[in-house]
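Colleague: Can you look at this prediction? I've put the sequence above it.
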Amino acid sequence: MRSRSTSEPVRSDHPSPQPGGTRELITYGHSFLAEQGLPDRSTYYARLVAASLGLTYPTSSAGRADDLKRAVGGSLIRDTAVRALGSAMLPHPGGAALVIIQGLINSARLNGASPADLATARTSLRTLMAVVNSASRREVNETETFTFTGSWLATEAAPAKNAGVWRQTFRSGDCVDVTFPPGDAYLVFAGTNNTSTSRVAVTDLSSAGAAIDAFPLGDHCVSSTAWTPCAYRAPLTARGHRLRFTHATGTGPLAVGALVPQLFAPSTVLMMKEPYLPDYAASAMFPHGSDEALDAFNALIDDLAIEFPNVIVADPNQPGYWNKLLHTQPDQVHPNEAGNAALARTALDALNRRARSAVCNSVGRPESSSPLEAAYFVCACACANSESPPTVPI
């Protein structure tokens, strides 16, 4: 990692989306969203969803080609989180009407449902959501937010290329003081688990240095070779406070990347669970998958939706949607045209179910709803007395 000058602060704040704002779709994940194998691009499921909802995709009105399509084939979910951290200069997800994330199938097929891979996926998903939901990004060289004490090195992109400036230390006792905003916010950090004794201690300087948390770095950064991006959420009682993060014990590397305050009304995020495949051994790169492994990784999405209420879960493996014997290309992995149609229907039906739930549980539109949820709320209100949910034709 290269040293880099930090004389001038780098700030990349983004405004909160306004009602009726940009109607764009942004995607993150692997080849199902990066698009592979079909001659007609309009039949890929993200494009079908965008066309049905009247959303701009895959190129923004003033952007470069495919700037809204941020998925890359062959990605693990860790890669997707790292890539999102490095996209500060792209149009921000907070201005989108909808974000689709599908990023677990390669992680599930790499080593199966191993505890280490599941832990890495869980951590990476949380970090990805913290970035997608962020209202701004406060970099480590902003002295009004960060104060470093000890032998911290300025490094360029410690866990991720093009992810701004990071500060890294290996030394026990080094600390960083971080001023959190009054609202919800996450501190993005990273490490590698090359020693089981490394621990991080968190104290509240605004409350006489009271200890509020401590955790082994290895609980978050389970890989010994690859940097794992992590997100620490300030406790409700510590919001608006100045917190100290200390590399308390051990010699494992700890890197601090940015503070990401959260939007009050973030974009709707649709998390697509991974569909079962007919022959997991067909892939030479990811040969260790199984239906059971996909179930274990898909369950992480259900857990994530509890922490992030703007997440809508779409499950193609429920009856009547995905058929693994009919819906893949000859490579036994990527969805064919019918498979993409099934995934699009899965996504749209999940959005419609959320809309009907909003009608059942609210007298009026929830104040914290995103522009897309507001549009679906109106659609569902018009159909509230119908026995069938509102649908959008593919």
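Modeller: Everything's here; your move.

Colleague: right, and the helix or strand after the host helix or strand of I26?
Modeller: In this assignment (DSSP states H and E), I26 forms part of strand 25-29. Downstream of strand 25-29, the first helix or strand assigned by DSSP H and E is helix 31-34.

Colleague: Run the chain-centre distance for that following helix.
Modeller: In terms of C-alpha atoms, centre = their mean, to the nearest Å, the centre of helix 31-34 is found 16 Å from the chain centre.

Colleague: relative to strand 25-29, how tilted is the following helix or strand past that helix?
Modeller: Reading on from helix 31-34 to the C-terminus, the next helix or strand found by DSSP H and E is helix 45-53. Per axes from the mean of the first three to the mean of the last three C-alpha atoms, to 10 degrees, the angle that helix 45-53 makes with strand 25-29 is 160 degrees.

Colleague: Okay, buried residues for helix 45-53 please.
Modeller: Neighbour counts over helix 45-53 (16 or more other C-beta atoms under 10 Å) mark 45-53 as buried. To be clear about C-beta, it is placed using only N, CA and C from the backbone, and glycine gets the same treatment.

Colleague: what's the answer for stretch 332-345, then?
Modeller: Buried residues in stretch 332-345 (16+ other C-beta under 10 Å): 333-337, 339-345.

Colleague: And for stretch 287-294?
Modeller: 288-290, 293-294.

Colleague: other SSEs contacting the helix or strand encompassing A81?
Modeller: Take DSSP H and E as the rule and A81 turns out to sit in helix 77-85. For helix 77-85, the contact count by 3 or more C-beta pairs under 8 Å, 6 or more residues apart in numbering; DSSP states H and E identifies strand 25-29, helix 105-110, helix 115-132, strand 228-233 as packing neighbours.

Colleague: Could you single out the most deeply buried of the ones you listed?
Modeller: strand 25-29 (a mean of 28; mean count of other C-beta atoms under 10 Å).

Colleague: got the angle between that strand and helix 115-132?
Modeller: On the basis of the same axes, to 10 degrees, strand 25-29 is oriented at 160 degrees to helix 115-132.

Colleague: Now strand 25-29 - C-alpha only, PDB.
Modeller: What follows is strand 25-29, C-alpha atoms only, in PDB (Å, rounded to 0.1, in the frame of the first residue of the first chain):
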ATOM      1  CA  LEU A  25     -32.300   2.000 -10.900                       C
ATOM      2  CA  ILE A  26     -28.800   1.200  -9.500                       C
ATOM      3  CA  THR A  27     -27.600  -2.400  -9.300                       C
ATOM      4  CA  TYR A  28     -24.800  -4.100  -7.400                       C
ATOM      5  CA  GLY A  29     -23.700  -7.700  -7.500                       C
END
